[in-house]
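Chemist: Test case, fold it:
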Amino acid sequence: MDRIIYTAMNGAQRLLEQQAAVSNNLANINTTGFREQLAIQRAVPLQGGGLFPTRVSAATVTSGTRQEQGPLAETGNPLDVAIRGDGWFAVQTPNGEAYTRAGDFSIDVNNMLVTKQGFPVLSADGGPVELPDRGSVTFSTDGQISALGAGDNPRDIQIMGQLKLVNPDMAEMVRGDDGWFRLANGAVAQPDDQVSIASGFVEKSNVNPAEAMVAMINNTRRFEMQMKVISDASTREEKANSILSTNG
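Modeler: You can find the predicted model right below:
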């Protein structure tokens, strides 16, 4: 059997993995704070004798993430916040502390500041953020949280704490299957007072729809080319077997 079949089959498998990443990006075009996922492969020389140097295999490398900031959209919602530049919000998930760019927060039935998924947003001291019942909330650019209870005098505004804003080295962060980012070694990032936020805004996905659609079309065409190579190799094999059978 022509060994090119294995090379083409491996290439087709890598393209399917890349197509899955592109499809996931397209599905999250409207997801707040979403970071575009990158499927990265590397060339691997084939081992053994009788091989051509142009025949190489491909192996998937840990998926990467495009870190450019997405556009900020003004919502007017006082509980919406967006990070300007580098940085992350800290959130307590069932699998430990995680980090996100999505700042479309809300208040749950226990008056806790939570994410869209219902996970507590963490304060700079590592605890959840509790807010007054039916109170108005204001975020300063450094993440400080001010609140005024319903019916309270404006002079009685309270400082409820400060959001935990972090900015760890991206080389130390890993994107989990659940979409949340965490430190690779399981450590907890420390607050960074250089991170700045904008209240009343959310950061939209940084996926470019046009580029994602072009990538999907290109992947489809490349996959078809790999399948054509496999088909041609199979046809040649059948013809060779037919000739040998006739001569025999």
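Chemist: can I get the CA coordinates of stretch 215-234 in PDB?
Modeler: Provided in PDB are the C-alpha atoms of stretch 215-234 (Å, rounded to 0.1, in the frame of the first residue of the first chain):
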ATOM      1  CA  ALA A 215     -10.800  29.900   7.100                       C
ATOM      2  CA  MET A 216     -13.700  27.500   7.100                       C
ATOM      3  CA  ILE A 217     -14.000  27.500   3.300                       C
ATOM      4  CA  ASN A 218     -10.200  27.000   3.000                       C
ATOM      5  CA  ASN A 219     -10.200  24.100   5.400                       C
ATOM      6  CA  THR A 220     -13.000  22.400   3.500                       C
ATOM      7  CA  ARG A 221     -11.100  22.700   0.200                       C
ATOM      8  CA  ARG A 222      -7.900  21.400   1.800                       C
ATOM      9  CA  PHE A 223      -9.800  18.500   3.300                       C
ATOM     10  CA  GLU A 224     -11.200  17.600  -0.100                       C
ATOM     11  CA  MET A 225      -7.600  17.700  -1.500                       C
ATOM     12  CA  GLN A 226      -6.500  15.200   1.100                       C
ATOM     13  CA  MET A 227      -9.400  13.000   0.300                       C
ATOM     14  CA  LYS A 228      -8.500  13.200  -3.400                       C
ATOM     15  CA  VAL A 229      -5.000  12.100  -2.700                       C
ATOM     16  CA  ILE A 230      -6.300   9.100  -0.800                       C
ATOM     17  CA  SER A 231      -8.700   8.300  -3.600                       C
ATOM     18  CA  ASP A 232      -6.100   8.500  -6.300                       C
ATOM     19  CA  ALA A 233      -3.700   6.300  -4.300                       C
ATOM     20  CA  SER A 234      -6.400   3.700  -3.800                       C
END
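Chemist: what about it, distance to the chain center?
Modeler: 27 Å (C-alpha atoms, centre = their mean, to the nearest Å).
Chemist: Same check on stretch 213-231?
Modeler: 25 Å.
Chemist: What of stretch 83-93?
Modeler: Centroid displacement of stretch 83-93 relative to its chain, using C-alpha atoms, centre = their mean, is 13 Å.
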